[in-house]
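Enquirer: Take this sequence and fold it.
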Amino acid sequence: MIRSIRIVTSPRSLFRSGSRCLTNSSSPPANEPLLQFAPGSEEVIKLKDAINELKRSAPHDIPVVIGGRELRLGEVREQVVPYNHSDKLARFHVADEQILQKAIEESLKVRQQWERTPMEERAKVFDKAADLIGGKYRYQVLASTLLGQAKTPIQAEIDATCELIDFYRYNAHYARALLDEQPRDGTDATNRIVYRGLEGFVVAIPPFNFTAIGGNLSGSPVIMGNVTLWKPSNSAVLSNWIVFKILHEAGLPPGVLSFVPSSGSVMGRVMTSHPALAGISFTGSYDTFIQIWKSIGDNINLYKNFPRIIGECGGKNFHFVHPSADVEIVAPSTIRSAFEYSGQKCSACSRIYIPKSLANDVIDRLLAIHSEIKLGNPEDFSTFMSAVIDKSSFDNISRYIDYAKNSPDCTILAGGGCDDSVGYFIEPTIILTTNPHDKTMTEEIFGPVLSVYIYDDYTQYPGVLDLIDSSSPYALCGAVFAREESAIEQCSAALREACGNFYINDKCTGSIVGQQPFGGSRSSGTNDKTATPYYLTKWTSPLAIKRSVVTQNQWKPLHID
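Expert: Take a look at the predicted model:
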């Protein structure tokens with residue numbers, strides 16, 4: 001089944017007040033159709049061939065690229081296959097402080113030329129890249145994401161092809177449409193806005209969990225005329241490298257985008273101490289983002305311009321079940337949200353609040369579905385979920401599970417097994433807690449762990465809504481399940497500030513570009529909503545231009561004789 005497609009409102013309507021449109025914008029693009037990988041299908045055969053080809057040629061040698069030149073340096077690190085960590089997928093060269101400084105210098109050399117390249121030419125690069133990802137390189141991008149990030153075929157397809165294609169097509173569409181959004185003319189002058197790129201360089205720091213985020217965090221500033229340093233996650237270097245090469249095949253000039261695998265601490269020190277820093281596009285941990293922000297604050301007098309800072313930092317996403325909810329919707333939606341991609345989506349459900357009146361039915365259904373989940377190698381296309389990304393993640397998640405096993409407030413209802421002998425495997429785990437403030441209910445775990453709290457229908461509702469809103473510092477995603485319209489309205493009002501993406505009778509994962517712009521607030525980030533016109537304007541320094549059309553030869557106002 002192809003994902004549902006809804007035509008979204010044109011960006012013209014988002015800026016309609018007082019606007020003067022110079023040209024007619026095209027309609028928003030349709031979302032990329034999702035392949036289903038049915039047994040025996042053509043896509044299954046092609047993907048398996050691509051997987052085998054990448055495995056045969058491993059480990060892949062990945063250089064640093066600055067100014068269009070590939071550099072192979074002294075320090076080399078490895079990207080392993082998470083579900084079989086003895087397999088070395090890639091060897092990537094690491095940029096040190098000197099090389100990062102050189103990358104900045106090289107990018108600034110081409111900044112003016114790229115910034116002054118017409119928007120249409122820049123947009124065409126991303127249209128072409130989207131076509132290449134959807135066609136010529138679809139299965140190579142999928143295979144690199146499956147192998148390197150342990151995604152099942154359908155999860156890789158959702159991410160590395162469909163979402164990335166949508167990011168590039170929608171960004172190109174919105175970038176063009178921005179040119180149409182102009183102030184009105186006066187009786188004595190014409191007016192226009194030029195969407196300049198930022199004066200300096202941008203750094204893109206994506207996470208491991210979505211290839212699409214790597215392509216978008218680096219690509220969004222570029223399409224708006226900025227030069228950008230792309231620091232890929234060490235656990236997603238191969239897929240990001242393939243996308244980097246695709247962008248250049250699509251026509252991106254050398255030097256505009258640098259590919260700089262590097263240490264986070266070294267990158268942080270170099271970028272925040274350079275006066276030409278213009279912006280940072282980040283997705284990752286709250287602690288890292290806070291450190292970046294503090295470093296920028298410490299150096300604020302150094303910069304030529306105030307750096308733009310965009311960050312997304314994860315969440316403690318909730319499902320709230322109202323007594324009127326349909327159990328047959330709640331259970332599968334929660335299982336999918338909590339355990340697809342091993343709970344490593346920023347939006348994954350990690351806490352659920354169930355009314356006492358439905359508790360037995362919901363939990364029984366959750367456990368029934370849980371018993372059918374297959375954990376294993378994603379090269380077996382019948383696998384539902386695979387390993388977590390690396391040893392550090394495995395250890396962190398294991399500690400939470402060990403805590404729950406020993407806590408008097410917690411009971412392991414299902415799963416709880418952890419084994420890193422071959423790959424970083426953690427069983428999908430369901431924890432029942434009697435303490436709504438237990439750390440399994442309030443702290444981000446970022447793994448296949450779902451915590452359950454049962455509330456009393458009569459004594460705790462609607463107060464439990466305040467508990468959901470206040471018990472975690474995050475505000476990324478949440479969902480409410482109810483059949484009573486009055487309950488939906490009540491929950492929507494009470495949880496208005498609790499998340500940036502709110503779902504009604506649906507799982508809290510699965511936002512689609514052009515349909516549900518993604519982002520959260522509080523400790524979840526700056527909520528800038530990727531792949532929207534207002535997200536793109538964050539990467540611009542608009543110039544307002546007035547041109548007089550009447551003779552201005554008088555200096556006296558009319559009331560002076």
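
Enquirer: And stretch 316-335, end to end?
Expert: 16 Å (CA to CA, to the nearest Å).

Enquirer: Check which residues of the helix or strand containing residue 70 are buried.
Expert: Using DSSP states H and E, the secondary-structure element containing residue 70 is strand 69-71. For strand 69-71, the neighbour count (16 or more other CB atoms under 10 Å) marks residue 71 as buried. From N, CA and C alone the C-beta is placed, and that goes for glycine too.

Enquirer: who's in contact with it?
Expert: Strand 69-71 is contacted from outside by 63-65, 93, 95, 99, 254, using CB atoms under 8 Å, 6 or more residues apart in numbering.

Enquirer: run the last query once more with 10 Å
Expert: For strand 69-71, the surrounding residues in contact (CB atoms under 10 Å, 6 or more residues apart in numbering) are 61-65, 93, 95, 99, 102-103, 106, 254-255, 258-260.

Enquirer: Skipping adjacent residues, who's closest to residue 529 in space?
Expert: Leaving aside its sequence neighbours, residue 529 sits nearest to residue 517 (CB to CB, 6 or more residues apart in numbering; 3.8 Å).

Enquirer: what does residue 120 give?
Expert: residue 176 (6.8 Å).

Enquirer: Show the secondary-structure elements that the strand or helix carrying residue 269 is packed against.
Expert: With secondary structure defined by DSSP H and E, residue 269 is part of helix 264-272. Helix 264-272 sits against helix 97-109, strand 201-205, strand 227-230, strand 277-283, helix 286-298, with contacts defined as 3 or more CB pairs under 10 Å, 6 or more residues apart in numbering; DSSP states H and E.

Enquirer: Could you pull out the strands in the stretch 451-561 of the chain for me?
Expert: Taking DSSP state E, counting those that start in this stretch as the criterion, the stretch 451-561 of the chain contains strands spanning 474-475, 477-481, 501-504, 521-522, 540-548.

Enquirer: list the buried ones in the longest one?
Expert: Within strand 540-548, the residues scored as buried using 16+ other CB under 10 Å are 540-541.

Enquirer: Is the nearest residue to residue 544 once chain neighbours are set aside within a helix or a strand, and which one?
Expert: Of all residues not flanking residue 544 in the chain, residue 193 sits nearest, at 5.5 Å (CB to CB, 6+ apart). Per DSSP H and E: residue 193 is located in strand 189-197.

Enquirer: on contacts alone, who are the packing partners of that strand?
Expert: Partner elements for strand 189-197 (3+ CB pairs under 10 Å, 6+ apart): helix 111-115, helix 119-134, helix 164-180, helix 211-223, strand 540-548.

Enquirer: between these, which gets nearest to residue 38?
Expert: helix 119-134 (19.1 Å; CB to CB).

Enquirer: Ok, which of the helices and strands packed on strand 189-197 comes nearest residue 378?
Expert: Distance to residue 378, taken as CB to CB, is lowest for helix 211-223 among the helices and strands packed on strand 189-197, at 14.3 Å.

Enquirer: hmm, back to that, now the helices and strands packed on helix 264-272 in CSV, with mean pLDDT, mean neighbour count and distance to residue 323?
Expert: What follows is the helices and strands packed on helix 264-272, written out as CSV (pLDDT from 0 to 100; neighbours: other CB atoms under 10 Å; distance: least, CB to CB, whole Å):
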stretch, mean pLDDT, mean neighbour count, distance to residue 323
helix 97-109, 98, 18, 56
strand 201-205, 98, 28, 44
strand 227-230, 98, 27, 49
strand 277-283, 98, 25, 37
helix 286-298, 98, 15, 34
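
Enquirer: so who does the nearest residue to residue 205 once chain neighbours are set aside touch?
Expert: In space, and not counting its chain neighbours, residue 205 is closest to residue 282: 4.7 Å by CB to CB, 6+ apart. Contacts here follow CB under 10 Å, 6+ apart; on that basis residue 282 touches 203-207, 217, 231, 288-289, 292-293, 309-313, 525-526.

Enquirer: Could you find the closest non-adjacent residue to residue 99?
Expert: Counting by CB to CB, 6+ apart, residue 99 lies nearest to residue 64, which is 6.1 Å off, once chain neighbours are set aside.

Enquirer: Please tell me how far residue 468 sits from residue 340.
Expert: 22 Å (CB to CB, to the nearest Å).

Enquirer: I should have written residue 324 there, sorry.
Expert: Using CB to CB, one gets 26 Å for the distance from residue 324 to residue 340.

Enquirer: the more surrounded of the two?
Expert: residue 340 (24 against 16; other CB atoms under 10 Å).

Enquirer: May I have the beta-bridge partners of the residue nearest to residue 205?
Expert: residue 205, residue 311 (DSSP bridges).

Enquirer: again with residue 192
Expert: Residue 192 has these beta-bridge partners by DSSP bridges: residue 545.

Enquirer: which ones are touching it?
Expert: Contacts of residue 192 (CB under 10 Å, 6+ apart): 20, 22, 179, 182-183, 185, 543-547.

Enquirer: show me the contacts for the closest residue to residue 307 other than its chain neighbours.
Expert: Closest residue in space to residue 307, ignoring its immediate chain neighbours: residue 277 at 5.0 Å, by CB to CB, 6+ apart. Listed by CB under 10 Å, 6+ apart, the contact set of residue 277 reads 104, 198, 200-203, 270-271, 296, 299, 302-308.

Enquirer: what about 6 Å?
Expert: Contacts for residue 277 were tallied using CB atoms under 6 Å, 6 or more residues apart in numbering; they are 200, 271, 303, 307.

Enquirer: Please tabulate those residues in CSV, including the columns neighbour count.
Expert: Shown next, in CSV, are those (neighbours: other CB atoms under 10 Å):
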residue, neighbour count
200, 23
271, 23
303, 17
307, 23
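
Enquirer: Just give me the closest of those to residue 425.
Expert: residue 271 (35.8 Å).

Enquirer: contacting residues around the closest residue to that closest one other than its chain neighbours?
Expert: Closest residue to residue 271 apart from its sequence neighbours, by CB to CB, 6+ apart: residue 203 at 4.8 Å. Counting by CB under 6 Å, 6+ apart, residue 203 touches 229, 271, 280.
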